[in-house]
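Trainee: coords please:
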Amino acid sequence: MSSSCRALAEILCRDDVTILLLSDPDHLDEPGRLMRAIDRYAPSTHAWVYEDGANHRLRGVVEDDIRHWLDDTPDDDPALAERLSADELSMLLGEDV
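Mentor: Residues are numbered from 1 along each chain as shown. Here you go, the predicted model:
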């Protein structure tokens, strides 16, 4: 590969690869629960996180990230109820679960 952009484009254009990019996940609604659903229903998905700031960073999501995001979710939040059925999630992800 002559450039990282070309390498990324070739990865993103493959039919057998699904990439989830979380941009500034601390500003997203329940990214930890999203990642747990991805782990369960679409385990082959590659998750990356982009963090804006003084040092712009793009890196793979690690288990410590997920734990941090889950710790930031209040236990008594009524939004913790399951929101999507397996069929709805399958429809959104475009694959069988």
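Trainee: CA atoms for contacts and neighbours, from now on please.
Mentor: Fine.
Trainee: out of the helices and strands in the chain, which is least certain?
Mentor: For the chain, the helix or strand with the lowest mean confidence is helix 4-12, at a mean of 63 (criterion: mean pLDDT, DSSP states H and E).
Trainee: partner strands of the next helix or strand after that helix, with direction?
Mentor: Along the chain past helix 4-12, the next helix or strand (assigned with DSSP states H and E) turns out to be strand 19-23. The strands beside strand 19-23 in its sheet (DSSP bridges) come out as strand 46-51 (parallel).
Trainee: list the contacts of the strand it pairs with.
Mentor: Applying Cα atoms under 8 Å, 6 or more residues apart in numbering, the contact partners of strand 46-51 are 17-25, 56-61.
Trainee: hmm, who's touching the next helix or strand after that strand?
Mentor: Proceeding N to C from strand 46-51, the next assigned helix or strand is strand 57-60, under DSSP H and E. Contact with strand 57-60 is made by 46-51, as judged by Cα under 8 Å, 6+ apart.
Trainee: thinking again about what came up before, from the contacts of strand 46-51, which two are the most distant?
Mentor: Checking the contacts of strand 46-51 against each other with Cα to Cα, the farthest-apart pair comes out as 17 and 56, at 24.5 Å.
Trainee: who's more crowded, these two?
Mentor: residue 17 (11 against 8; other Cα atoms under 10 Å).
Trainee: buried residues in the longest helix along the chain, which are they?
Mentor: Once the chain is assigned using DSSP state H, the helix that runs over the most residues is helix 31-41. If you call a residue buried by 16 or more other Cα atoms under 10 Å, then helix 31-41 has these buried ones: 31-33, 35, 38, 41.
Trainee: output the contacting helices and strands for that helix.
Mentor: Applying 3 or more Cα pairs under 8 Å, 6 or more residues apart in numbering; DSSP states H and E, one finds that helix 31-41 makes contact with helix 63-71.
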